[in-house]
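# Using only what follows, build the 3D model:
(2 chains)
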Amino acid sequence: KQEVTQIPAALSVPEGENLVLNCSFTDSAIYNLQWFRQDPGKGLTSLLLIQSSQREQTSGRLNASLDKSSGRSTLYIAASQPGDSATYLCAGHQGGKLIFGQGTELSVKP
Amino acid sequence: NAGVTQTPKFQVLKTGQSMTLQCAQDMNHEYMSWYRQDPGMGLRLIHYSVGAGITDQGEVPNGYNVSRSTTEDFPLRLLSAAPSQTSVYFCASSYSFNGPVSTDTQYFGPGTRLTVL
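You can find the predicted model right below:
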């Protein structure tokens, strides 16, 4: 059974710092991996999707990588801002389903 | 495009009552799904559909029914509400699944917060 784990569960950093969020999965049979952002009381907003044949995707200050052989994905956020404060979720696409991690709650202090 | 819309935003039910959570998308997406989000459990798939007339069960389907008569709509029915169904429910859609990056991105609705007393 596919399991997705996100470490750390919570992270607090000062504004301007570069940071890395980690996502690991137990079954390399995932097809795509998607990173989402969720603000308190809101829905999920897609940030990046990496196809299994790719190794990374970039959007603005965000860069996501995928290494299927090691079962890991990372989300790199450059020059963090207070507006980046949210919960970040990774999800593996497998067999018609999204398998979610528990999320990392990020707080960026001014 | 309105994207993925869900109604109602909030709902309180008594144990044993039934209700339907509505989900609609205007992006001509074939794939639609329902998730519930609970503290400590994360997001879990309830049911999904790969096109009109086709549905399948997810991880936690008990107590829920779905049907997909049109491409746009994918309602979730609670047959007899129980306190264990208190949760936040999200509907999601994508043009494809296990396809190219450009069409596989999952889009989520704003959610329905359900409380069962």
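# Those residues of chain A touching chain B, which are they?
Contacts of chain A with chain B, taken as C-beta under 8 Å from any C-beta of the partner chain, map to A:31-32, A:34, A:36, A:42-46, A:49-51, A:54, A:57, A:89, A:91, A:93, A:96-98, A:100-103. C-betas here are computed from N, CA, C, even on glycine.
# Which members of those residues are classed as buried?
A:31-32, A:34, A:36, A:43-44, A:46, A:49-51, A:57, A:89, A:91, A:93, A:96-98, A:100-103 (16 or more other C-beta atoms under 10 Å in any protein chain shown).
# Restricted to strands, list those.
A:32, A:34, A:36, A:44, A:46, A:49-51, A:57, A:89, A:91, A:93, A:97-98, A:100 (DSSP state E).
# Identify the farthest-apart pair in those.
A:Q57 and A:K97 (21.0 Å; C-beta to C-beta).
# residue ranges with poor pLDDT in chain B?
B:98-103 (pLDDT under 70).
# centroid residue for it?
B:W34 (2.5 Å; C-alpha atoms, centre = their mean).
# Now the element after the helix or strand hosting it, going C-ward?
Using DSSP states H and E, B:W34 sits within strand B:31-38. Scanning forward in sequence from strand B:31-38 by DSSP H and E, the next helix or strand is strand B:42-51.
# Show me what that following strand is packed up against.
strand A:86-94, strand A:97-100, strand B:31-38, strand B:54-57, strand B:64-66 (3 or more C-beta pairs under 8 Å, 6 or more residues apart in numbering or on different chains; DSSP states H and E).
# could those be laid out in TSV, adding distance to B:T112?
Converted to TSV, these look like this (distance: least, C-beta to C-beta, whole Å):
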stretch	distance to B:T112
strand A:86-94	19
strand A:97-100	18
strand B:31-38	10
strand B:54-57	19
strand B:64-66	13
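# Nearest to B:Y95, out of those?
strand B:31-38 (7.3 Å).
# Which neighbouring elements make contact with that closest one?
strand A:97-100, strand B:19-25, strand B:42-51, strand B:87-94.
# between the ones you listed, which one is nearest to B:V12?
strand B:19-25 (10.2 Å).
# Okay, now the unreliable bits of chain A?
A:96.
# Would you confirm that B:C91 contacts B:Q37?
No. Using C-beta atoms under 8 Å, B:C91 is not in contact with B:Q37; the gap is 11.8 Å.
# list the contacts for residue 64?
Assuming you mean chain A. A:33, A:35, A:47-48, A:50, A:56-58, A:73-76 (C-beta atoms under 8 Å, 6 or more residues apart in numbering or on different chains).
# other chain: chain B
B:34, B:46-47, B:76-79.
# go again using 7 Å as the cut-off
B:46-47, B:76-78 (C-beta atoms under 7 Å, 6 or more residues apart in numbering or on different chains).
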